[in-house]
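*Asks:* With the input below, show me the fold.
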Amino acid sequence: MSEYDAVVFDNDGVLVERTRRDVLHGAIRETYEEFGVSPAEAEVEALLGVTRESVDELATEYGLDTAEFWYRRDMLASRAQCESIENGGKPLYEDIGALDELSPTLGVVSNNQHRTIEFILEHYDLHHHFETHYGREPTLAGIERKKPSAYYIERALTDLDTRNALYVGDSGVDVLAAREAGLDCAFIRRPHREDYDLPAAPAYEIRSLADLPVICRGDGEAFRPDMESAT
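*Replies:* Numbers count the residues shown, from 1 in each chain. Okay, the predicted model is just below:
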């Protein structure tokens, strides 16, 4: 019997490699140029990891419609990522085969665009693994609903009809969103997170998706993090 009824995964940095920054920078520059703006480097960076307030400020500065500006940014970012994937970018991690060894039902909740998640699942033939999947909408509301908000995790839990789930992520916002939803979190310390500090301690810290079947069997004590080093 499994320790959890469901396992929900973040996407980037967990199932597939993260998007190269130059791919996103190109999409952001194209967004500005569509609106007649030649952005400085700081203005390009400002449209990565955004908040609703930061998008409002940028749009107001240039007299742009905030919702339209953000929609174009997100659509162009999604298109750029899909094109990158078609050209060999964002490959699956080698431990993806661990999904076949998990008995709980599975889901995906990502801060990436829903359109991008749909493309990834289709491109890599992963749809059959997951009962539900969510990325954010290309809207201002979508910004506010992204992790560390548990909004999309809650939707996934409703779809999966359980509160007994494990969330697997590679960032502080994943740990915080899981905590908000009342879930255990397994933080996967991929190479890009080697020296990464977390804002709160996860229930487990793993190095590979191959560790998850052990945790789901109830034998995960070896993956409990040292509380002092995790906070």
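*Asks:* CA only for contacts and neighbour counts going forward, please
*Replies:* Noted.
*Asks:* what's the burial count for Glu205?
*Replies:* Neighbours of Glu205 under the rule other Cα atoms under 10 Å: 23.
*Asks:* For Arg20, grab the count of nearby residues.
*Replies:* The local packing of Arg20 (other Cα under 10 Å) involves 12 other residues.
*Asks:* ugh, typo on my part, it should be Leu176
*Replies:* Considering only other Cα under 10 Å, Leu176 is surrounded by 22 other residues.
*Asks:* Please apply the same query to Leu166.
*Replies:* Using other Cα under 10 Å, the number of residues around Leu166 comes to 26.
*Asks:* same check, this time on Ala201
*Replies:* Neighbour tally, Ala201, other Cα under 10 Å: 23.
*Asks:* Assign it to helix, strand or coil.
*Replies:* Under DSSP: H, G, I helix; E, B strand; the rest coil, the three-state class of Ala201 is coil.
*Asks:* distance of it from Ala178?
*Replies:* 11 Å (Cα to Cα, to the nearest Å).
*Asks:* got it, and Gly36?
*Replies:* 40 Å.
*Asks:* Neighbour count: these two, which is higher?
*Replies:* Under the criterion of other Cα under 10 Å, the comparison of Gly36 against Ala178 puts Ala178 first, with 27 against 10.
*Asks:* which secondary structure element contains the more buried one?
*Replies:* helix 172-181 (DSSP states H and E).
*Asks:* next SSE after that helix?
*Replies:* Next along the chain after helix 172-181, taking DSSP H and E as the criterion, comes strand 184-188.
*Asks:* ok, that following strand: who's next to it in the sheet?
*Replies:* According to DSSP bridges, strand 184-188 forms sheet pairs with strand 165-169 (parallel), strand 204-206 (parallel).
*Asks:* got the angle between that strand and helix 172-181?
*Replies:* Counting by axes from the mean of the first three to the mean of the last three Cα atoms, to 10 degrees, strand 184-188 lies at 170 degrees to helix 172-181.
*Asks:* I'd like the mean pLDDT over strand 184-188, please.
*Replies:* Averaged over strand 184-188, pLDDT sits at 99.
*Asks:* do stretch 20-38 as well
*Replies:* pLDDT averaged over stretch 20-38 gives 98.
*Asks:* tell me which residues in that stretch are buried?
*Replies:* Neighbour-count burial for stretch 20-38, counted by 16 or more other Cα atoms under 10 Å, picks out Leu24, His25, Ala27, Ile28, Arg29, Glu30, Thr31, Tyr32.
*Asks:* Run through the residues that contact the fourth one.
*Replies:* Neighbouring residues of Ile28 by Cα atoms under 8 Å, 6 or more residues apart in numbering: Val44, Leu47, Arg73, Leu76, Ala77.
*Asks:* In contact with the nearest residue to the third one once chain neighbours are set aside, which residues?
*Replies:* Distance criterion Cα to Cα, 6 or more residues apart in numbering; nearest residue to Arg73, sequence neighbours excluded, is Thr31 at 5.4 Å. When contacts are counted by Cα under 8 Å, 6+ apart, Thr31 is found next to Phe69, Arg72, Arg73, Leu76.
*Asks:* what secondary structure does Thr31 sit in?
*Replies:* helix.
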